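A.B. asks: Curious how this folds, go ahead:
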Amino acid sequence: TPPGGFGEFQSCAFRHAQIAGGSLPIADAALYGLSSVEGATAVLDTGSPVSIASKSFAAGAALFEEIEGSETPPLVTTGADGKATQLEARIAAGLRLGTGADFMQQRIFVGDLPMAAACGVEPSQSFLLVGMDVLGKVITFDLRTRTLHLFAK
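C.D. replies: Take a look at the predicted model:
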């Protein structure tokens, strides 16, 4: 049971993936735009301020472009391999983690990250790095039950 006093929360199951001598929490994800794609690998990354979908995942879900006049300038991120990846902002109508955590109207950046390959995800497969923009300010990872609790923002 999550700690009290935080109001409403959502939960989803997670598992661990061994990557480069470390362990990262992974969940299943779905992304919704004009279409939908389910069954993606999602890394739950508390060190990232933004969420990033692979190009194939974003294209399959047919994410929306930002409204004219409110466009976010492209971002550039540098991975552990030292290579820069340019990211473009899109809008997802919805994002689901596991079977119980739903998020509506999310800005998702799009680009192919080297981390996907490190997680064993092929370039044609769907990959999502879930950052703190989705995870929120108060989260708990229950390692005993392997459940992520996300509290209302």
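A.B. asks: only C-alpha atoms for contact and neighbour calcs from this point on.
C.D. replies: Will do.
A.B. asks: what about stretch 112-129, distance to the chain center?
C.D. replies: Relative to its parent chain, stretch 112-129 has a centroid offset of 12 Å by C-alpha atoms, centre = their mean, to the nearest Å.
A.B. asks: in it, what counts as buried?
C.D. replies: If you call a residue buried by 16 or more other C-alpha atoms under 10 Å, then stretch 112-129 has these buried ones: 112-116, 119, 123, 126-129.
A.B. asks: which other residues reach stretch 89-108?
C.D. replies: 10-14, 27-33, 42, 50-53, 63-66, 71-74, 109-110, 134, 150 (C-alpha atoms under 8 Å, 6 or more residues apart in numbering).
A.B. asks: Just the buried residues of those residues.
C.D. replies: The neighbour count (16+ other C-alpha under 10 Å) marks 11-14, 27-33, 42, 50-53, 63-64, 109-110, 134, 150 as buried among the contacts of stretch 89-108.
A.B. asks: For the chain, which segments count as helices?
C.D. replies: 55-61, 114-118, 132-135 (DSSP state H).
A.B. asks: count of residues packed around Asp81?
C.D. replies: Neighbour count for Asp81, taken as other C-alpha atoms under 10 Å: 8.
A.B. asks: Skipping adjacent residues, who's closest to it in space?
C.D. replies: Take Asp81 and drop its neighbours on the chain: the residue closest to it by C-alpha to C-alpha, 6 or more residues apart in numbering is Pro114, 7.4 Å away.
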